[in-house]
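>>> Sequence and predicted structure below; questions after.
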Amino acid sequence: MVFVSNAESLTMLLNIDCGATDSDSTWEIDEKFIKSGQNMQINTTITLREMTTLRFFPDGIESCYNLPLLGRERYLIRAGFYYGNYDGLSNPPAFDLRINGQYWTTINSTLTEDPIYVEMIYPVRRDSVKICLVRVHNNNPFISSLQARVLPSNFYKLMENTTILNLHSRIHFGGERDVGKSTRFGGDEDFNRIWKLKQMYNYHNVTSVRIPYGSSVSTENWPPYMAVADGISPPNGFNSISMWFDLPPQTSQAYFVFYFKEPEQSPPVSLVRRIEISINGHQMALTEVPQMDKDAIQVVSLYPVPVAGSANVTLQRAEGSTFPPIINAMEVFTSMELSRAELAHHYPFMVLAFLHVFGLSMLLG
């Protein structure tokens, strides 16, 4: 499904089934976005349509998709990869991804049945984005799917306009399955995000009032109901929840989002759930889970959080709290700055304004 601007055929939503030969109401073929590579149908039992085909690139070093997107918008951009032993070599390749000439990540494909997804939130500066697959060894790069979805400007409100957020984890707790329209199970995610179920066997699963299926919560970042309806809490006698996030070794700062929802259907008057959030031993925030109604969700965003390749997150029962902490969902991003070339598309109007105001007087001395 593609929403097109009348003026320049720029898209707000783009779902590309790489290597496919026919489109449907959700996915379109990739031929108008790239001129190199070869299509391949995969013999697999996987049920995701977009993972049954791929485009591989036997020639050249770099092969690029050109996506017509809206300038000055933030996009969720996700690439999907399913090797499926399409070449019969049982040798899944590794290769790099670049976005507008800037290193994004390295793809290490596997022989497993689980697709690999990489995702970022990208501040688009011009009316197109170039995503390139770069050969780093003798093996051929390939790609199965490519998606772009414009996000409301108030999402991820601490994100700077010159920063890229690379998704590390988007997880929810206490539920039964992944949530999101791109999963084989379907879901109620309105912004093309995938919320992976994180099993935490050392903690108790908690379930709140069941909320109507098929809608999101009108709070910060609009999380889907199915991702926040359940959560986890520490076992009896314990007052904290701990999680470890193994971030890339070069990571210096990260963006964390915490989603809290009270599971008690008829909370007692004495119920107070205050939570202290610490990362790597440093207290970062103190919050209280609201008791107002079944739709009340507390969202805590933290950025920039200094890290050194890893993050130990602790949710501790805070002073004055009569109940232990809970957590329903989380998002963790690493950040990097836009390349100088992209920044030049962001700041030219500021340079011109500066010269207009100061340039003549500076030249005259």
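That came in fine, so what should we check first? Numbers count the residues shown, from 1 in each chain.

>>> Pull the contacting residues for the spatially most central residue of the chain.
Centroid-nearest residue in the chain, with Cα atoms, centre = their mean: residue 167, separated by 4.3 Å. Contact analysis of residue 167 by Cβ atoms under 8 Å, 6 or more residues apart in numbering lists 118, 119, 120, 121, 331, 332, 333. Placement of C-beta: from N, CA and C, glycine included.

>>> can you tell me which helix or strand the fifth one belongs to?
Spelled out, that is residue 331. Using DSSP states H and E, residue 331 falls within strand 329-337.

>>> Distance from that strand to the middle of the chain?
8 Å (Cα atoms, centre = their mean, to the nearest Å).

>>> partners of it, with directions?
strand 163-173 (antiparallel), strand 253-260 (antiparallel) (DSSP bridges).

>>> Looking at these, spot the one closest to residue 243.
The closest of these to residue 243 is strand 163-173. By Cβ to Cβ, the value is 9.1 Å.

>>> can I see the domain layout of the protein?
Split into domains by automatic domain parsing, the chain comes to 13-151, 165-337.

>>> All the strands of the stretch 251-365 of the chain, residue numbers only.
For the stretch 251-365 of the chain, applying DSSP state E, counting those that start in this stretch gives strands covering 253-260, 274-279, 282-288, 298-306, 311-317, 329-337.

>>> Of all these, which one is nearest residue 87?
Smallest distance to residue 87 across the strands of the stretch 251-365 of the chain (Cβ to Cβ): 32.0 Å, for strand 329-337.

>>> Run the angle between the closest one and strand 311-317 for me.
Interaxial angle of strand 329-337 relative to strand 311-317 (axes from the mean of the first three to the mean of the last three Cα atoms, to 10 degrees): 140 degrees.

>>> May I have the secondary structure class of residue 50?
Under DSSP: H, G, I helix; E, B strand; the rest coil, the three-state class of residue 50 is helix.

>>> That one contacts residue 144, doesn't it?
Yes: using Cβ atoms under 8 Å, residue 50 makes contact with residue 144 at a distance of 6.1 Å.

>>> what do those two both touch?
18, 80.

>>> So between these two, which is more surrounded?
More crowded of residue 50 and residue 144, by other Cβ atoms under 10 Å: residue 144, with 29 against 23.

>>> Can you name the residues that contact the more buried one?
18, 19, 50, 51, 53, 54, 80, 81, 82, 115.

>>> from those, which two are the most distant?
19 and 115 (13.7 Å).

>>> which one of the two has more residues nearby?
A side-by-side neighbour count of residue 19 and residue 115, using other Cβ under 10 Å, places residue 19 first with 25 against 20.

>>> Surely that one and residue 53 touch.
Yes: here residue 19 reaches residue 53: they are 3.8 Å apart, a contact under Cβ under 8 Å.
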